[in-house]
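Asker: what follows is a predicted structure for the sequence shown.
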Amino acid sequence: MKLLVNFSRGKGNAPIIAQVVKDTGVLINVERAMIDSSEGEALIEVPDDQCQLVRTTMTRLGATVRLLEHGINLNTSECVDCGACLSICPREVFSFDNEWKLAIAEDRCVLCGQCVDACPHHALTLPL
């Protein structure tokens, strides 16, 4: 499962992800992270059966954790299957099916938003 973790340096300078791995023994895959001197956000993937443990432990350490059930959202009524998203996506989330319709592998999405900016018809949105 994917979790979106937000944390503030105002609550301490502790390495939250490392601490969670140490405390729980759960291996965490960091898919994307943006961290500066005051705050940070990380998209992580954890085993489904360990999701609640990781979420609870991170919350206890001061992070805000949100379960992401979906990757990028596609509005099929706006999409014209132009493929602009294919070339820009760093994780190869998008492809064409046998009928040249856009196909999405949501599980590969790291919510970078590059496809949202590239879509000329505004058919792609990030989950809220």
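Answerer: The structure has been received and is ready for your questions. Bear in mind that the values here come from a model prediction, so they are computed numbers and not experimental data.
Asker: now do the buried residues in the strand or helix carrying S95.
Answerer: For S95, the element it lies in under DSSP states H and E is strand 94-96. Neighbour counts over strand 94-96 (16 or more other Cβ atoms under 10 Å) mark F94 as buried. The way it works is simple: take the backbone N, C-alpha and C, and place the C-beta from them, glycine included.
Asker: partners of it in the sheet?
Answerer: The pairing partners recorded for strand 94-96 under DSSP bridges are strand 102-104 (antiparallel).
Asker: partners of the closest residue to T59 other than its chain neighbours in the sheet?
Answerer: Nearest residue to T59 in three dimensions, chain neighbours excluded: V65, at 5.7 Å (Cβ to Cβ, 6 or more residues apart in numbering). V65 has these beta-bridge partners by DSSP bridges: V5.
Asker: ok, the spatially most central residue of the chain - contacts?
Answerer: Computing the C-alpha centroid of the chain and ranking residues by Cα atoms, centre = their mean puts V110 first, at 4.0 Å. V110 sits next to E31, R32, L43, P90, R91 when contact means Cβ atoms under 8 Å, 6 or more residues apart in numbering.
Asker: nothing else from me, thank you.
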